[in-house]
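Asks: I'll drop the sequence and a predicted model, then ask my questions.
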Amino acid sequence: MAAASGGRRPGSRGDALERTRDPGSPTTDPHLKATELGAKKPGSVRIVSCHGDGSSESSDLADLPKLIAPPDHRIWVDLASPDEDQVKAAADALGLHPLIAEDIRERNQRSKIESFDQDVVHLVLFALHYEGEAGAEEIDFVLGKGYLLTVHDGSLGDSSAAPLRFGVEHALQKGPDYLLYAISDTIVDGYFPVLDKIGDDIDDLQDRVMQTASDTTLQRLFAMKRELIDLRRATSPAREIFNQLTNREISSIEPAHVVYFRDVYDHLIRVTDELDNYRDLVSGTLDIYVSIVNNDLSRIMKRLTGVTVILAGIGAVAGIFGMSEAGSAFAGAEAGGFWLVTLGVILLAVAAAALLRRIDWI
């Protein structure tokens, strides 16, 4: 329903998502869901370490202290639905602040950024998915000097955290901050296909409202409004996160890599604008629903009024003459004037029905 939706939606499938990247930058599929990056089993551990021109991998947190010992270490530690012992082991090896470890264990955080001693940054982002309705999954990032820790519920991939053109190791060679950009860029790019599906749902709801204003449609409109509020709550603070990453001096982020985080920030502006647009569309659709219901009620009241006018005229004449005349009329003993009045009442009723029909009251 193009008229009601205000034409083409910003950020819809018609909008190109191509961007100019440097040859080493990650390539993402803009219509890839975050949950399609390859789920990991609960308790899975992946440690990727780059040293010089080589790299190595491990799945044992006991190896982390020796991997982080070299001064030029570049390490990515990925934990999928870890238990308390795994979080404690990773926090102790990386020397994390107790508050960071506590937040990681508790989960259920809002999107945020917290700095510790200018060297360690704790970020919380949400990956969106759509399975009949939109949902969000929390992903914790801890960026420090020479390492990146990611904690999630298994939504990041096992072979790679994002469809990187040259693999995780190539991004990690550039630094953990660049890997943070690669993963967060993939997460934010995954917002757009979810928003496209929500936009399609809104278009379908608008069509259904115009066809028939049913209770099922109303319930779906309210559910859609709640979804948009939840998505806004999950994604809106991310703008401030990347705004701070691009405007604050954080020693664990190379100055040359700040421009990449600014690119993610620009995409989050589009996401926020699109969510605001969808919220307005849903509110407008609710207004249309109320207007249609009111119009239907008005139409029904007009028809009932028309029927009342016809029956009231007949009832008034019948009341004047009295029902006692009915017996004489059926016996043929009634005078001709009775039949004239009866015929006049019928003709008036037909004339009233024709007039009401002409003005669309019945």
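Replies: Ah, there it is. Residues are numbered from 1 along each chain as shown.

Asks: my read: Leu180 touches Leu148, true?
Replies: Yes. Taking C-beta atoms under 8 Å as the definition, Leu180 is a contact partner of Leu148 at 5.5 Å. In short, each C-beta sits where N, CA and C put it, glycine included.

Asks: what sits in contact with each of these two?
Replies: Phe141 (C-beta atoms under 8 Å, 6 or more residues apart in numbering).

Asks: so where's this protein uncertain?
Replies: Residue ranges of the chain with pLDDT under 70: 1-40, 118, 156-166, 316-339, 361-362.

Asks: which stretches of it form helices?
Replies: 2-5, 64-67, 84-94, 98-106, 167-174, 176-189, 191-211, 215-247, 258-321, 325-331, 336-358 (DSSP state H).

Asks: ok, and which of these has the densest surroundings?
Replies: helix 176-189 (a mean of 26; mean count of other C-beta atoms under 10 Å).

Asks: relative to helix 215-247, how tilted is that helix?
Replies: 160 degrees (axes from the mean of the first three to the mean of the last three C-alpha atoms, to 10 degrees).

Asks: between helix 176-189 and helix 167-174, how big is the angle?
Replies: Using the same axes, to 10 degrees: helix 176-189 against helix 167-174 is 130 degrees.

Asks: Okay, the closest residue in space to Phe242 that isn't next to it in sequence and Gly190: tell me how far apart.
Replies: Spatial nearest neighbour of Phe242, excluding adjacent residues (C-beta to C-beta, 6 or more residues apart in numbering): Tyr265 at 3.9 Å. Separation of Tyr265 from Gly190 (C-beta to C-beta, to the nearest Å) stands at 16 Å.

Asks: And for Thr285?
Replies: 26 Å.

Asks: Same question for Ile139.
Replies: 11 Å.

Asks: list the residues that contact both of those two?
Replies: Common contacts of Ile139 and Gly190, defined by C-beta under 8 Å, 6+ apart, comprise Ala127.

Asks: who's more crowded, these two?
Replies: The neighbour comparison of Ile139 against Gly190 (other C-beta atoms under 10 Å) goes to Gly190, with 25 against 22.

Asks: isn't that one right up against Leu128?
Replies: Yes. Look at Gly190 against Leu128 with C-beta under 8 Å: they come within range, at 6.2 Å.

Asks: ok, back up a step: how about the helices of the chain, which one is nearest Asp117?
Replies: With C-beta to C-beta as the criterion, Asp117 lies closest to helix 98-106 of these, at 11.4 Å.

Asks: Show me what the closest one is packed against.
Replies: Helices and strands touching helix 98-106, by 3 or more C-beta pairs under 8 Å, 6 or more residues apart in numbering; DSSP states H and E, are helix 84-94, strand 112-116, strand 120-130, strand 134-144.

Asks: mind running it again at 10 Å?
Replies: helix 84-94, strand 112-116, strand 120-130, strand 134-144, strand 147-152 (3 or more C-beta pairs under 10 Å, 6 or more residues apart in numbering; DSSP states H and E).

Asks: orientation of the fourth one relative to strand 147-152 in degrees?
Replies: Computed with the same axes, to 10 degrees, the direction of strand 134-144 lies at 160 degrees from that of strand 147-152.

Asks: got the angle for strand 134-144 vs helix 84-94?
Replies: Using the same axes, to 10 degrees: strand 134-144 against helix 84-94 is 30 degrees.

Asks: how far is strand 134-144 from where the chain is centred?
Replies: The chain centroid and the centroid of strand 134-144 are separated by 16 Å under C-alpha atoms, centre = their mean, to the nearest Å.

Asks: Also the first one?
Replies: Distance, stretch centre to chain centre, for helix 84-94: 34 Å (C-alpha atoms, centre = their mean).

Asks: So which other helices or strands are in contact with that helix?
Replies: Helix 84-94 packs on strand 45-51, helix 64-67, strand 74-80, helix 98-106, strand 134-144, strand 147-152, going by 3+ C-beta pairs under 10 Å, 6+ apart.

Asks: Go again with 8 Å.
Replies: With contacts taken as 3+ C-beta pairs under 8 Å, 6+ apart, helix 84-94 sits against helix 64-67, strand 74-80, helix 98-106, strand 147-152.

Asks: Turn those into JSON lines, including distance to Leu231.
Replies: Output for the helices and strands packed on helix 84-94, formatted as JSON lines (distance: least, C-beta to C-beta, whole Å):
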{"stretch": "helix 64-67", "distance to Leu231": "35"}
{"stretch": "strand 74-80", "distance to Leu231": "24"}
{"stretch": "helix 98-106", "distance to Leu231": "22"}
{"stretch": "strand 147-152", "distance to Leu231": "18"}
